[in-house]
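# Take this sequence and fold it.
(one chain, ligands or ions: 2)
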Amino acid sequence: MIEVTLLGTGSPIPDPDRAGPATLVRTGDQTFLVDCGRGVQQRLAAAGSGANRVTALLLTHLHSDHIADLGDVIITRWVTTFTPDAPPLPIIGPPGTGEVVEATLKAFGFDIGYRIAHHADLTGPPPVEVHEHTDGPVWDHHGVRIRVAPTDHRPVAPTIGFRIEHGGASVVLAGDTVPCESLDRLAAGAGALVHTAIRKDLIETLPQQRIRDICDYHSSVQEAAATAARAGVGILVLTHYVPAIAPGADEQWRALAATEFDRQIELGDDLHRVEVHPGVCVKPAG
Ligand SMILES: [Zn+2]
Ligand SMILES: [Zn+2]
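Ligands and ions are numbered 1, 2, ... in the order given. Okay, here's the model as predicted:
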């Protein structure tokens, strides 16, 4: 079984009730944090996890809303890991990730220096290990396999989606993307597809061009649902709602998705949890 928890269902627009984009995927003895938006650590704590329990950090892309709390995750994992010689935190992301991580460590350079000076058992900076990928297998440990494929969020590029498989169960995390063939292939037959979605019908009516601009590089609810249908996934999990789902409007969002996808649709508030079991997978239609 793979357990998916929507840690943050928000977007770049600050929201009192929704943290920034982040999803927790737990399976077997492994915990994957996918993106680390604003407020991720409070949500990790609420989900009964924490930065020191993350097996690997997976980044779909380097937009600020998806990496806003990267420094907090790295520093907190470092100072709350009490076992000597802890392994480095694997951070898997698209090209550019290494530069972002290096700059983040530099930004926290004073903090890192203070802590090394103060604690005898902290003898070096936070151990991290960056892996940059755009396509193919990226992880194979204790029965959990992960592969990535390019998505299309241009001009943000490169961007990647992740497919996590364990014991016959599988979950695909699309990140921000418009519909594209490589995502269809990555998601084919998966137990669940976690996809970001925006309400283009609402956003297109807004007066600010800068906000309307986001329509050309995101999937609408219907487009995300159509991707799920083409790929033949068992469960569509929507997240990263723009605008935030208004109180009582869950069913309206669900109905829009249901116009394209007739299986299980999940959406909701931060900490919404979905269990993905083996056998949920259905073969894609063609
Ligand atoms: Zn983005
Ligand atoms: Zn985003």
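
# The helix or strand harbouring residue 7 - which strands sit beside it in the sheet, and in what orientation?
If you go by DSSP states H and E, residue 7 is part of strand 2-8. Paired strands of strand 2-8, with direction, are strand 22-27 (antiparallel), strand 272-276 (antiparallel) (DSSP bridges).

# Show me what the strand or helix carrying residue 182 is packed up against.
Following DSSP H and E, one finds residue 182 within helix 181-187. When contacts are defined as 3 or more C-beta pairs under 8 Å, 6 or more residues apart in numbering; DSSP states H and E, helix 181-187 packs onto strand 144-150, strand 160-166, strand 169-175, helix 221-231. (Glycine included, C-beta is placed from N, CA and C.)

# tell me what the helix or strand following it is packed against?
Where DSSP H and E defines the elements, the next helix or strand beyond helix 181-187 is strand 192-198. Applying 3+ C-beta pairs under 8 Å, 6+ apart, we find strand 192-198 packed against strand 2-8, strand 169-175, helix 221-231, strand 235-242.

# Just say which of the ones you listed is most tucked in.
strand 169-175 (a mean of 27; mean count of other C-beta atoms under 10 Å).

# how about low-confidence regions in this protein?
For the chain, applying pLDDT under 70 flags the ranges 280-286.

# go again using 90 as the cut-off
Confidence mapping of the chain against pLDDT under 90 gives the ranges 84-86, 215-216, 279-286.

# before we move on, the earlier item: which of the strands paired with strand 2-8 is buried the deepest?
The most buried one of the strands paired with strand 2-8 (mean count of other C-beta under 10 Å) is strand 22-27, showing a mean of 26.

# which residues touch residue 14?
Listed by C-beta atoms under 8 Å, 6 or more residues apart in numbering, the contact set of residue 14 reads residue 38.

# repeat for residue 59
Residue 59 touches 34-36, 66-67, 91-94, 97, counting by C-beta under 8 Å, 6+ apart.

# Phi, psi for it please.
phi -120, psi 120 (degrees, to the nearest 10).
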